[in-house]
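S.K.: sequence first, then the predicted structure, then my questions.
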Amino acid sequence: MMNIFKSIISCALISTALMASAQADVTIKGANKQTVNVQGAVANSVVGAASKAKQSLASNVGSVTVKGSNTQTVAVQGAIANSVVGAASTAEQHLGSNVGN
């Protein structure tokens, strides 16, 4: 049981580090196509007080400027889950979207 808890905490820490680096300036000037095809499951979960779970599939997140054509497609044949456990925690999920700060 302790190994499962350590794995969950490790995943949460890695997710937090990746989320911090995921916020960027995104400028699309030409043709842009993002496609995600899920056949099975995608899960993103964190545990702890004031935790944040952010998940973006075929999405631009940050300061987004689109000056060209932009196509974003997410096809799901299964399940996508984004969840948090803990007081004052939030879950944010973007599927095929542009999200500004």
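M.R.: Received it, and whenever you're ready, just let me know what you need. Residues are numbered from 1 along each chain as shown.

S.K.: so what pLDDT did the residue nearest the centre of the chain get?
M.R.: Within the chain, one residue has its C-alpha closest to the average C-alpha position: by Cα atoms, centre = their mean, that is residue 55, at 1.6 Å. Looking at residue 55, its pLDDT is 91.

S.K.: SS state for it?
M.R.: At residue 55 the chain is in strand, as set by DSSP: H, G, I helix; E, B strand; the rest coil.

S.K.: hey, what's it bridged with?
M.R.: Note on residue 55: beta-bridge partners by DSSP bridges are residue 93.

S.K.: test my guess that it contacts residue 97.
M.R.: No: Residue 55 lies out of contact with residue 97 (Cβ atoms under 8 Å); the separation is 11.4 Å. Where you see a C-beta, it was placed from the backbone N, CA and C, and this is true even at glycine.

S.K.: where in this protein is the helix or strand with the lowest mean pLDDT?
M.R.: Scoring the helices and strands of the chain by mean pLDDT, DSSP states H and E places helix 2-22 at the bottom, with a mean of 51.

S.K.: which helices and strands does the helix or strand following that one pack with?
M.R.: Sequence-wise, the next helix or strand downstream of helix 2-22 (DSSP states H and E) is strand 24-28. Strand 24-28 is packed against strand 60-66, with contacts defined by 3 or more Cβ pairs under 8 Å, 6 or more residues apart in numbering; DSSP states H and E.

S.K.: neighbouring strands - and their directions - for the strand it packs on?
M.R.: If you go by DSSP bridges, strand 60-66 pairs up with strand 24-28 (parallel), strand 98-99 (parallel).

S.K.: for that strand, give me every contacting residue.
M.R.: With Cβ atoms under 8 Å, 6 or more residues apart in numbering as the test, strand 60-66 has contacts from 22-28, 32, 34, 54, 70, 94, 97-101.
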